[in-house]
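Trainee: Sequence isn't available, so here's the structure alone:
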């Protein structure tokens, strides 16, 4: 599995209702998309839950790389880039993806990106991150938890979907979920 996210930082005076309408109108277009586990249509308003910026930042979990490739080379992505510009698309190898049967109920998401120190014990880190992700779904209230790793920039991602609004933190971005697309 592959986790993926791109993010658009929007001006401070940007009417975020435009993004919210876009999500309502275009969100269902990826429902049932081949190779997709889920797409969380995410946004954040500056000043809300500690967010410093207005953001539109969808997060994807792909079952196979073909689905990711088909999306990025398809008309939907072309339309997105015409509306918002050409984004940097971040990807992570999914070490663990724990998904409850209630993904459609997600109303909030958190994302944390962590640096991995040189020569860190990657096997131990993978086991720890994977166990934490599984525990967050099993008993921590998360509807989904993804732990991923990216070896070019040596970063890890902790992504969670929540029914109720979670507390943010210094390095934790909180988003609202406007729509959840579930794969085929």
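Mentor: Here it is on my side, so go on. The structure presented is a predicted model; accordingly, all values stated were derived computationally and were not measured. Residues are numbered from 1 along each chain as shown.

Trainee: least trustworthy helix or strand in the protein by mean pLDDT?
Mentor: When the helices and strands of the chain are scored by mean pLDDT, DSSP states H and E, helix 75-84 comes last with a mean of 88.

Trainee: Name the nearest residue to residue 37, ignoring sequence neighbours.
Mentor: Spatial nearest neighbour of residue 37, chain neighbours left out: residue 61 (4.1 Å); criterion: CB to CB, 6 or more residues apart in numbering. C-beta here means a position set from N, CA and C on the backbone, and glycine is covered the same way.

Trainee: What residues are bridge-paired with the most centrally placed residue in the chain?
Mentor: The centroid of the chain falls nearest to residue 59 when counting by CA atoms, centre = their mean (2.5 Å). According to DSSP bridges, residue 5, residue 40 are recorded as the beta-bridge partners of residue 59.

Trainee: From residue 4, how far off is it?
Mentor: Applying CB to CB, to the nearest Å, the value for residue 59 to residue 4 is 7 Å.

Trainee: any idea how far residue 79 is from the most far-flung residue of the chain relative to its centre?
Mentor: Most distant residue from the mean C-alpha position of the chain: residue 119, 27.2 Å away (CA atoms, centre = their mean). Distance of residue 119 to residue 79, computed by CB to CB: 43 Å.

Trainee: and residue 123, how many neighbours?
Mentor: If you count neighbours by other CB atoms under 10 Å, residue 123 ends up with 8.

Trainee: Quick one, grab the pLDDT at it.
Mentor: The per-residue pLDDT reported for residue 123 equals 97.

Trainee: list the buried ones in the helix or strand hosting it?
Mentor: Residue 123 belongs to helix 122-138 when assigned by DSSP states H and E. By 16 or more other CB atoms under 10 Å, the buried positions in helix 122-138 come out as 125-126, 129-130, 133-134, 136-137.

Trainee: Export those as CSV, with columns for distance to residue 16.
Mentor: Below are the buried residues of helix 122-138 laid out as CSV (distance: CB to CB, whole Å):
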residue, distance to residue 16
125, 36
126, 37
129, 32
130, 35
133, 30
134, 34
136, 28
137, 29
